[in-house]
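Student: Sequence plus predicted model, see below.
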2 protein chains.
Amino acid sequence: MSTETEFSTIGKRVTKPDARDKATGRALYATDLVVPRMLYGKILRSKQIHAKIKNIDTSRAQRLPGVICVITAEDTPKIAYGFGKDNLPLKFGKVRSLMDEVAAVAARTPEIAAEALELIEVEYEPLREVTDPFEALKEDAPLIHEQRADNLSMVFDYVHGNIDQGLDESDHLVEGRFDVQFIAHSCLGPCASIAEWQTDGTLLMKTPTQVPFLYQRDMADVLGIAGSQVCVEQPYIGGGFGSKLDLYPYEVIAALLAKKAARPVKIEYDRQEEFLYSPVRSPMVMDVKTGCTKDGQLTVRVADIWSDNGAYNSWGAVTPLVSMQTASALYRVPHVHFYCRIIYTNNPYGGAMRGFGNPELTFAIEQQIEELAEICGMDPLEFRLLNANQPGETNLAGMKITTCGLSDCLNKSAEEVDYKKRMTEVGSDRGVGIASAIHVGGGARIYPSDGCGVIVRINDFGKVSIISGSTEIGQGSDTILTQIVAEELGVPVDWINVVNTDTDVRPWDVGVHASRTTFIAGNAALKAAREVKEKILETAAEILKEKPGKLTIKNGEIISIENPEKKLPLGKAIRSKHFRQGGSVISGEYYYDPPTVHQDKEWRGNISATYGFGAHAVDVEVDRETGKIKVHKVAAAHDVGRVINPVGAEGQVHGGVAMGLGYALTEQIQLDSGRMLNPNFTDYKIPTTMDIPEVVPIFVETNDPEGPFGAKGMGEITMVPTAAAIANAVYNATGVRIKSLPITPEKVLNALKAKEQK
Amino acid sequence: MSTETEFSTIGKRVTKPDARDKATGRALYATDLVVPRMLYGKILRSKQIHAKIKNIDTSRAQRLPGVICVITAEDTPKIAYGFGKDNLPLKFGKVRSLMDEVAAVAARTPEIAAEALELIEVEYEPLREVTDPFEALKEDAPLIHEQRADNLSMVFDYVHGNIDQGLDESDHLVEGRFDVQFIAHSCLGPCASIAEWQTDGTLLMKTPTQVPFLYQRDMADVLGIAGSQVCVEQPYIGGGFGSKLDLYPYEVIAALLAKKAARPVKIEYDRQEEFLYSPVRSPMVMDVKTGCTKDGQLTVRVADIWSDNGAYNSWGAVTPLVSMQTASALYRVPHVHFYCRIIYTNNPYGGAMRGFGNPELTFAIEQQIEELAEICGMDPLEFRLLNANQPGETNLAGMKITTCGLSDCLNKSAEEVDYKKRMTEVGSDRGVGIASAIHVGGGARIYPSDGCGVIVRINDFGKVSIISGSTEIGQGSDTILTQIVAEELGVPVDWINVVNTDTDVRPWDVGVHASRTTFIAGNAALKAAREVKEKILETAAEILKEKPGKLTIKNGEIISIENPEKKLPLGKAIRSKHFRQGGSVISGEYYYDPPTVHQDKEWRGNISATYGFGAHAVDVEVDRETGKIKVHKVAAAHDVGRVINPVGAEGQVHGGVAMGLGYALTEQIQLDSGRMLNPNFTDYKIPTTMDIPEVVPIFVETNDPEGPFGAKGMGEITMVPTAAAIANAVYNATGVRIKSLPITPEKVLNALKAKEQK
């Protein structure tokens, strides 16, 4: 961090303002909240994976003392929602998965509500089920949604360049089938919401959404009320990772129960419910083909993908939006064909998850890179450097790469595991692997606005309030905004308070997705702070008799740049502006919307104002007896533009690597006829502290010209290349290439056995 | 209301947005609030009216199970506060009244806290007490504050004009002694605060203060912390009337207990505590002299006042600030001498109360007006009209009277009780009386800023949020701001939400005092809304291809003024501005500080941007057997500039008249050696619905040029002339003039008896 000394706050190890409250248990999450007259809601789920609902009898439940109301779809406006309008808060006519909501109860206690669920009698007529996406595409497959001709929910299909030409130009071609599994977000904070109708007809939702402003609209639509009638308040949020990017039926049900009961209703999930009823990361089967010239120049890439969408379209259905970018943008490749089927099944439906389609396809691409390098007889690192994205280029997907530290990331992470030397020793049980990643780092224009508003206020005492549309979900965005404003205003970070209030007060923001908060909200905060600074300096200039341009603020003092002995405490200038006839208080507001465009019909366009790059190099050991993989080290190098906060940036790397590790090795939702068999942390294995290897975060600072103080987003990319790098290292250690996630001991042993038998 | 038809919202009977919550019990007042881990605080008061504290033993209290901590002054920074820095949150060395706080306890339940108080042993050494202000001024009087030479806390003394000249020019002169009593505010919502220290060292006070931003500073000062460390959140407030204009020891004690316990602490008063320990309206003895020429022109006024301040200086000590304005500004009088002594005694100390020194002196002045009229042989109404304030004049106090409807108020209220005719029938047991009032109506520059900030935001759905520094204490300010913004933006009132959040979010405001909110916050709201409107019209102009100046907004639609068929829904324009590349959200902020000045050393200066006027005419009946006064009718005419909301304006009149009625006839804190004998609504008699006569509100609309839509403030003036008018009516009914409040049956009977004996 060469420029660190220029800054007072940027690049410093600032503690998260919410750390103390979270560490001491004072922070109130949605699960902790209690409001006066609150009832407890519980939801009856389908006992059938696919069935017609013949009848629902709620009469016994309604008579249970302590039950305030029971609702079914008949009590709702039956407005479909979600991408494709295929989901309903409460189902009627039929159920399509074991997640399906059939009825709900509001009662005085959670125990009474649970007892009442047992008393609801639902008569089903079972239908043939289909849980395999390939089966679901067959002509005689049962239809998940009868009104549709088949189970193909969506298709994403494009060609960038000319595939025939690409194939013609290829001296070498590798192809293979890769598959990735169902996984769970495993947020520490499970789903919990309180719905309360105000006397003015406004629905106040206290809920841990990542997207409060989209939520307003979605909730209003599904309830058939005006967007102005929904107010969203976010308590502390215990992690999101994309799982809180949707409006979920349970939230709508809470609102419906609260309406009927005319009292606030809370619905919260326990850990098992969180596993069973939160959306998952969808599994994909990917047939991928990559070609190159004999000197290692990539020529063509073809990805043909089957995605198991589950029964309804949520964000899982549009996950290929990012896979497509990976296909066309990871390395320079002139010809790309992408084809992906989103297939309805009776499985749990997929949502958004960190990386959003990127780790999936990167897992395939990065293994084929190594396969091609091997065929070409090239060092895979050199092969990658030859094809690496470079600053200044506009790629196939129309992305304008302004800053790009990919080559540096590759070199630095490789060096950390002695890659060049150790790469040559294939099959020694200990191996190294590497993989690259690209991801949006400057927002992602999915909506008509990709903006975020920030208000900065400074009071008579110099205390600064940041009121932002952005959402702190544990990722540290409040810390980033604090540092950016502190740096720009020249005040200590502890003068700053980030106010997390409701949608009536906060300016609009798309929400937490696409690694956009540091970049987008950061830019808005920077510019709002600049407005405040200008107003302060204008007043100070009057007092100090200097031109505003000749003044700056350092550590809460206004100083003349040329005559540093001329100074003034910040508060004095503020009060001077305020406490005079016709005076005023000081605030600034900025709505930052990046200079980006929507992708066109061919999925081209500069969707993000900048892009992040990274490379993970890993050192693994494989036990040939047990097939068990021990990861010794992950060197994770990331081009983050500029590190605003090393603690936060390292935290993102540690978290991303841990999540990538679980994806690579242990995590998998085990389904049997659509029923999750392992809905708990004993059987669903996220890496524990005991499993985490040495993680070496390496930051490549490219000082992005559009980023706030040069920063890019980095929330997602840190988990993108891990699984691929581990697979490559397993190959380096054993000579076997595992193309299926998770890389279980069983898969390794089977592959080793198969190799021996060859 | 001649201009009513021009407006869509101004002048309409709009329901208060909080009415439903308050009526249904949903509104959460400070007493209703519970926060996690909260303890209950209780305060041990002095058992002695005036004594040295020899020793405090808290050890038994500390050992009581359930007690978390006990504090005395020794646990505090001992920083004095209040006007004159004569008060302490917890007393040490000595106690000066029965309100004095000696120790405090935080415990798990209120019952344990109360029990613990009983276990605290305080050893006192009694001192000689003084509860009569005249006694307190004697040379041998015990000193309330030893460090002072005497018990004279403050003196307010000025001459406007030349008294000798005034006396010389007087053909007639009346003089007399008037006295007014101790009264209580009797807010429905008693004092209650929750103090909680945040992990970042910020003290969050949930408290029903009328002055959140002054409170920040005062609380910080008394705790010895920075102003930036205090955040104030106001729950619903159950009335203020000036009683919540101060920081009170109980609030500081809650903060001190919370600090020591490291847990939130709530202190709340029951009704008896509210009576005993809230500040009161101070009693005054007023020797007043008024002169006039033989044709009824006022020549001179001399007021010589003794005010019983109680033991400490709160707002009661500076109440003459407004009495002085009454002295120099009620009617045109060329020569005025004002002299007022603020005298320490061992009585409860006085705070601010509606009218703030104005009803007190008006009670004297308005009786002398009638006395002079009688001497001159003039109809008292004509006498008043002759001397009435007039638009365009600058009076002795430097007040610039822009608009003035006093003559209209006098004529219209008089007409309502058939004054002219009935005035001539003195002594018929039924009588009429009238009295005038002047009060600030456009703020009052007491502080370096008399400003208020308002932020107006409008979201994609057209919902408008008003975030204001001003405080809703039940007076209806949120409704007024709603109507002003609705009118300016051309949207229905139910599109608007007033957000009452904390001092970190809200822009600064002096607070609720001096009847300033409609005028000051109203102007800020109007100008913030205007900014929003301009931004909307600018966008609409692009779409409709019209100049912004040719567009207006009506009922949520943007309309071309010249081609009304050209129109656009408001939300569409907002979304068009928002959902585009480089778009933005729409908000406006304005900090309005009126064009007023501080009074100079001679207490002259245009302290308010405009002034309100009023006259109450009453019809009373006196029972000569019992001395009981029955008020049949109060016609209350007020120049309010423009009525923003008739419901609210009428409510202010009804409330002011009721309070004036209690002041006139029944309310009195009965003290025996500083101990209140009637701390309950059985013995402290506020008028009940059964006691309220017919009240006829009459509004004189002068359309003030500086007021928002022409409005002036009217919160206080509605109680100012009532008591004086009743006293005048009693004279008219009986021929006896009662110069002492309350006008009890006993006083009437005694006066009648004395008259008979003459």
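Tutor: Alright, I've got the coordinates.
Student: Only C-alpha atoms from now on, for both contacts and neighbour counts.
Tutor: Will do.
Student: what number of residues lie near the closest residue to chain B within the stretch 601-750 of chain A?
Tutor: Of the residues in the stretch 601-750 of chain A, the one nearest chain B is A:I607, at a distance of 11.6 Å by CA to the nearest CA. Other residues within reach of A:I607 by the criterion other CA atoms under 10 Å in any protein chain shown amount to 27.
Student: now swap in A:C292 and tell me
Tutor: By other CA under 10 Å, 25 other residues sit near A:C292.
Student: Please tell me I have it right and it contacts A:D168.
Tutor: No. With the criterion set as CA atoms under 8 Å, A:C292 and A:D168 do not qualify as a contacting pair; they are 10.1 Å apart.
Student: Give me the below-cutoff pLDDT ranges for chain A.
Tutor: Under the criterion pLDDT under 70, the flagged ranges of chain A are A:1-5.
Student: Which positions in it make contact with chain B?
Tutor: A:17, A:20-21, A:199-200, A:226-228, A:448-449, A:451, A:453, A:457, A:459, A:461-463, A:465, A:467, A:495, A:499, A:504-505, A:507-508, A:578-585, A:591-597 (CA under 8 Å from any CA of the partner chain).
Student: Identify those among the residues you listed that sit within strands.
Tutor: Among the residues of chain A next to chain B, the members falling in strands are A:G453, A:R457, A:S465, A:I467, A:V499, A:Y591, A:Y592 (criterion: DSSP state E).
Student: Show me what the fifth one is bridged to.
Tutor: Going back to what we said before, that points to A:V499. Applying DSSP bridges to A:V499 yields these beta-bridge partners: A:I467.
Student: so it sits right up against A:V464, yeah?
Tutor: No. Taking contact to mean CA under 8 Å, the distance of 9.9 Å between A:V499 and A:V464 leaves them out of contact.
Student: Looking at these two, which is more packed in?
Tutor: A:V464 (28 against 17).
Student: That one and A:D494 touch, don't they?
Tutor: No. Taking CA under 8 Å as the definition, A:V464 is not a contact partner of A:D494, at 9.1 Å.
Student: mind listing what the residue nearest the centre of chain A touches?
Tutor: Nearest residue to the geometric centre of chain A (CA atoms, centre = their mean): A:R354, 3.5 Å. With contacts taken as CA atoms under 8 Å, 6 or more residues apart in numbering or on different chains, A:R354 has the following neighbours: A:F241, A:G242, A:G715, A:E716, A:M719.
Student: how does it look with 7 Å?
Tutor: Shown in contact with A:R354 (CA atoms under 7 Å, 6 or more residues apart in numbering or on different chains): A:F241, A:G242, A:E716.
Student: Then A:V336?
Tutor: Applying CA under 7 Å, 6+ apart, one finds that A:V336 lies in contact with A:V159, A:H160, A:G161, A:I163, A:V300, A:R301, A:V302, A:A327, A:S328.
Student: Of these, which is the nearest to chain B?
Tutor: Nearest to chain B, judged by CA to the nearest CA, of the contacts of A:V336 is A:S328 at 24.5 Å.
Student: isn't that closest one right up against A:L396?
Tutor: Yes. At 5.8 Å, A:S328 and A:L396 qualify as touching, with contact defined as CA atoms under 7 Å.
Student: The two: which is more packed in?
Tutor: Looking at A:S328 and A:L396 with other CA under 10 Å, you find the greater number of neighbours at A:S328, namely 28 against 22.
Student: which non-adjacent residue is nearest A:G588?
Tutor: Taking CA to CA, 6 or more residues apart in numbering or on different chains as the measure, A:G588 lies nearest to A:A528, with 4.7 Å between them; neighbours along the chain are not counted.
Student: Cheers, nothing more for now.
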